[in-house]
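Visitor: fold the following and give me the result.
(chains A and B)
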Amino acid sequence: MTSKKETIISAKALKKSFLTADTEQTIFENLDLDIYKGDFTVIMGSSGAGKSTLMYSLSGMDRPTSGEVYFNGKNITTLSDDKLAVFRRKNCGFVFQQIYLLDKMSLMDNVLTAGVLCENNKKNTVKRAEELFELVNIPEITRKKFPSQVSGGEAQRAGIVRAVINNPEVVFADEPTGALNSNNSTAVLDVFTKLHQEGQSIIMVTHDKKTALRGNRVLYVRDGKIFGECSLGTFTKEDRHRETLLNNFLTEMGW
Amino acid sequence: MRKILSQIIYQLKKDKSSYISFGIIVLVTAFMLNCAATLLLQVDKAYDKKFENLHTASVNVCIPKFQDNAELSKAITEMDGVTKVESHEAILAEVVVKKFQDADFSMNTMFYNLDAKRCLNCFEIKAESEKTYDNPIYISLYVAEFGEFSLGEEIVYVIEGTEYRFTVAGIIEEMQYGNYGSGLMCTYLPEEEYLCLYNELENSLMMEYSLSLNENAELDKIKNDISSICEEKGVTVVSNLDSVSVKGTRTMVCNLLILLLVSFAMIILIVSVFLSNFRVKNAIESEIVNMSVLKALGYTSGQIVASITLPYTMVTVLFALLGVVLSYAALPVLSQVLTIQSGFSFTINFDVRSLLCAVIVLSGVVTLFTFVSAKKIKKIQPIDGLRGNTSSKLNRKNYFPLESTKGNTQFLLIMKQIFACKKQNVLLFLVSFVLTVLIAFSCTLFYNVVVEPDNFMSALSEETPDVIITPKEGYTEELEEILKGDSSVESTLKYTTGSIKIGDSIVTTFVCEDFSGVKNDVCYMGKNPENADEIALGSALWENYKIGDMVTVSLGEKEKHFKVTGFVQSVNFQGEICELSLQGYMSLCGDVQTPSIYVYLKDTADAEKFTESYKKDYQAMLSDTVNSQKLQKEAQDMYMGITVVLVALIFTVTILIVLFILYIIIKSLLVKRKQELGIYKSMGYTSSQLIAQTIGVFMPVSVIAILLSSAASLFYMPCIYQFVFEAIGVMKNNMEVSFGFLLLFAVVQIIVNIIISVILCMPIRKISAYSLMKE
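Guide: Here you go, the predicted model:
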């Protein structure tokens, strides 16, 4: 079934290592991976397995030590820093565990700061931002507040709006519910599900099963490689079959 | 204490380079402060010590020898307050010294007998040749240093048109007259040579009465009493100088230097305080979580405040000490320069008082201000800090909301940042404004000394003709006719100097046939005398008279009343000068000794050729011809050289300080905004955009401050220069503040700032979005 899908990101012989106290610590090596358009790909693994490092290497946020990453067929590992920045603004949206909104700006300004990079007409950007804020259920009065003045859930949903304001090819989410309570987590995940249902490609790193259930494809990183993968199919609430499928997969992976 | 020490070490290690930059600024300040304090504490003392060691008299009165008598001597000796009187025979002549710094230098010189015994006004032989010369002479330190004469070199004095050739056999140091400013120089001749001159210049023989006074004696009263005694006995007082006036003249440049050093040090100290304040505020903002954690662990606010304040105190003390040590390397050079000007040598010694003054003042001020800024920590509750709910975050205003504000987004983002960092920018504005004062000061000095040298020279000199011709008696009219017919001559003026008595003071008078024709109008209030009964007084007499008053002027037996028309200035003669019209002066002395003819040449004429041709063609009519233009040019070149060095020094120091300030500001900004920059990078902002944005946050403020300060200096700089010149007795100066030059210097300063900022912001390029966010 996946073979019919269009590949959006393709990693070839990817290696990432760090030098710590004169010792090379390899996170992953000789890793090949394809990410498909329209998929909600979830990357799981134990702490320190290199899930986030892999995701940031795929997104052009971080440079791999060796190997290539092709994004829509274009090798992004050879791009200069500035070209990579231009590439990111057009193709990638990021959602972080720590949210990372600019604290001196209102939620709306945070979104527009990213939006104006790709759209010259500010009115259009503002209009799209307003639509997206509606979609994530953030009222107008909250949009004018600073990140420190809103709840974590509201801030993270604003973070998602910022990530998708430029219609990116892929949204990369690094533990987006990691710092949120249960209610806020659900609200945030609902937004991701809604976006996925609208055709948005998403790559999400998580170690939470409930969060992983939102995806349709789960990759498990272990020992510096993709140890296994599982296809969950389309997300529907209270779907016991998907939950069982994921549980079995994770057990098999040694979770 | 151990707990705080670990925090202090952490603070110092964390931001080594910023502390070093701050330390270097402190070092420069300490350097200047210690130089100023050491000079202030030692030069005066060294002067007084030498004054005492050489048994220098407090008052020296000079009268024509033929008028001296035992009665006068007795009257002076019996004056109240006088402890000792000694008379010295001398020859006083207005001389021209040839090749004085390669030019002709005119000055009043007292020739003394080197071998005559004296208990007062002794001298010290600083250098003496072992060889024996024909016509040996012992010149003063001032003439040797400033005129660039060394032992064994020939020195030519032109006295009343006759050249006297001597060989420098020794260099002496005395505290009696000393430098050009006092209006009199000392020179000593061995008895044989002295007697030769004595026989040739009988009309110039003088008797000098040197008076030592007791501690309670009033100098002015003694001087006035002497004048009265002389007047009673019909004796002309040629010169009546006191030690306080002479000291003022000889230490003038030193005092001016101290004033400049202290002013500059204060400006840089203000900058240091601003910087420490800025750094502390930034540290509190970026370290709020760590500080809250420390508070949560049980550290007291006082301990945390101490851990922020003490690193600054330690850095200040350390670098202030280094600055003081370095200043002792520069002080001998400074003392050498001051020796040339003051005509007395002194050695700078290590002075613990100036060291303590520099270190305590600097560390005290820095500690106080950092403590006041760091006190803010006390108000932060640990939980608020940990949650990031500080009052500054909660009470934030959204400046320039992007959705509703029209304009370029990059520009609006910069504006948001500028307004979000208001306090920082106010600080930066003040620092840039203050530093531009230094640049504007040096720029104005440069303009007036190098580009428009006449402006500066006119403040320091008296009349500045191109050539001074002194005719032999009876040839004045004939020479004037010749000069009028000379196509290279623009105009001529009869001009001379003399001494008159106003009240009880002996005053040097400048006499001119028409003051409206002078090139350098030294009248700073009212107008020059035009008629025979008019007089303009020097700045020293300003307090006693006002314009319109009648002044009694006497010369010898003759006395006449003159109306005060204005006030004139002079760097020399301690302001005890006046101006009289030629008719006015003649009405006093009957017949003026042959006045000089001041010749003003056309721009195309060559003063050197003119001087030489007149010397050759009209030898029979001329007593002396001096190329005054060359003399002025020499002085001008000397001032230009000093100014260029000074301006370069000020500019370099300022740029260095700007460099360190920008380094500290940008470093702080980068540390504070590291995560924010990472977020921008993750959104797709390029490094160039972020560099432009970072510079855009503070550069407009700096640029506005520089431009405003430069524009404001058009108004305040004349006041600063007025203040500086008034300190040396120049009440009116022609220093121009050139808008064009200020703008040029401002633009250079801005360009340098931008270049430095771009270089300092370069690390943004090297940091990946991911690593920025991970920090």
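
Visitor: how far does the one helix or strand residue B:645 maps to sit from the chain's center?
Guide: In this structure, residue B:645 sits in helix B:628-672 according to DSSP states H and E. Distance of helix B:628-672 from its chain centroid, counting by Cα atoms, centre = their mean, to the nearest Å, is 15 Å.

Visitor: after that helix, which helix or strand is next?
Guide: Scanning forward in sequence from helix B:628-672 by DSSP H and E, the next helix or strand is helix B:674-683.

Visitor: give me the pLDDT for residue A:66.
Guide: pLDDT for residue A:66: 95.

Visitor: what is the lowest-mean-pLDDT helix or strand in chain A packed up against?
Guide: Sorted by mean pLDDT, DSSP states H and E, the helices and strands of chain A end with helix A:81-91, the least confident at a mean of 88. Secondary-structure packing of helix A:81-91 (3 or more Cβ pairs under 8 Å, 6 or more residues apart in numbering or on different chains; DSSP states H and E): helix B:674-683, helix B:687-727. Glycine gets a C-beta too; all of them are placed from N, C-alpha and C.

Visitor: among those, which is nearest chain A?
Guide: Closest of these to chain A is helix B:674-683, at 4.3 Å (criterion: Cβ to the nearest Cβ).

Visitor: any idea which of the helices and strands packed on helix A:81-91 scores lowest on pLDDT?
Guide: With a mean of 86, helix B:674-683 has the lowest mean pLDDT of the helices and strands packed on helix A:81-91.

Visitor: give me the number of residues near the residue of the stretch 551-700 of chain B found nearest chain A?
Guide: Taking Cβ to the nearest Cβ, chain A has its nearest neighbour within the stretch 551-700 of chain B at residue B:684, 2.2 Å off. Using other Cβ atoms under 10 Å in any protein chain shown, residue B:684 has 25 neighbouring residues.

Visitor: tell me which element residue B:83 falls in.
Guide: strand B:82-100.

Visitor: what angle do that strand and helix B:628-672 make?
Guide: For strand B:82-100 against helix B:628-672, the angle by axes from the mean of the first three to the mean of the last three Cα atoms, to 10 degrees is 100 degrees.

Visitor: now the element after strand B:82-100, going C-ward?
Guide: Following strand B:82-100 toward the C-terminus (DSSP H and E): strand B:103-113.

Visitor: could you dump that next one to CSV, C-alpha only?
Guide: Output in CSV follows, covering the C-alpha atoms of strand B:103-113 (Å, rounded to 0.1, in the frame of the first residue of the first chain):
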residue,chain,number,x,y,z
ALA,B,103,62.9,80.2,12.8
ASP,B,104,63.6,83.6,14.3
PHE,B,105,62.2,83.9,17.7
SER,B,106,61.6,87.2,19.4
MET,B,107,61.7,87.5,23.2
ASN,B,108,62.7,89.7,26.1
THR,B,109,65.9,88.3,27.6
MET,B,110,67.7,89.1,30.9
PHE,B,111,71.5,88.5,30.6
TYR,B,112,73.1,87.8,33.9
ASN,B,113,76.6,87.4,35.0
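
Visitor: what are the pairing partners of that strand, and which direction each?
Guide: Strand pairing for strand B:103-113, determined by DSSP bridges: strand B:82-100 (antiparallel), strand B:185-189 (parallel).

Visitor: was I right to think residue B:725 contacts residue B:734?
Guide: No: Residue B:725 is beyond contact range of residue B:734, at 10.1 Å (criterion: Cβ atoms under 8 Å).

Visitor: and these two? Which one has more around it.
Guide: Neighbours were counted for residue B:725 and for residue B:734 using other Cβ under 10 Å; residue B:725 has more, 19 against 16.

Visitor: residues in contact with that one?
Guide: The neighbourhood of residue B:725, defined by Cβ atoms under 8 Å, 6 or more residues apart in numbering or on different chains, consists of B:459, B:731, B:733, B:735.

Visitor: burial of residue A:29, as a residue count?
Guide: Counted with other Cβ under 10 Å, residues neighbouring residue A:29 total 16.

Visitor: three-state assignment of it?
Guide: The three-state label given to residue A:29 by DSSP: H, G, I helix; E, B strand; the rest coil is strand.

Visitor: that one contacts residue A:224, doesn't it?
Guide: Yes: assessed by Cβ under 8 Å, residue A:29 is found in contact with residue A:224 at 5.3 Å.

Visitor: now do the helices in chain A.
Guide: Here chain A has its helices, by DSSP state H, at A:51-59, A:81-91, A:107-115, A:122-135, A:140-143, A:152-164, A:182-197, A:209-212, A:240-253.
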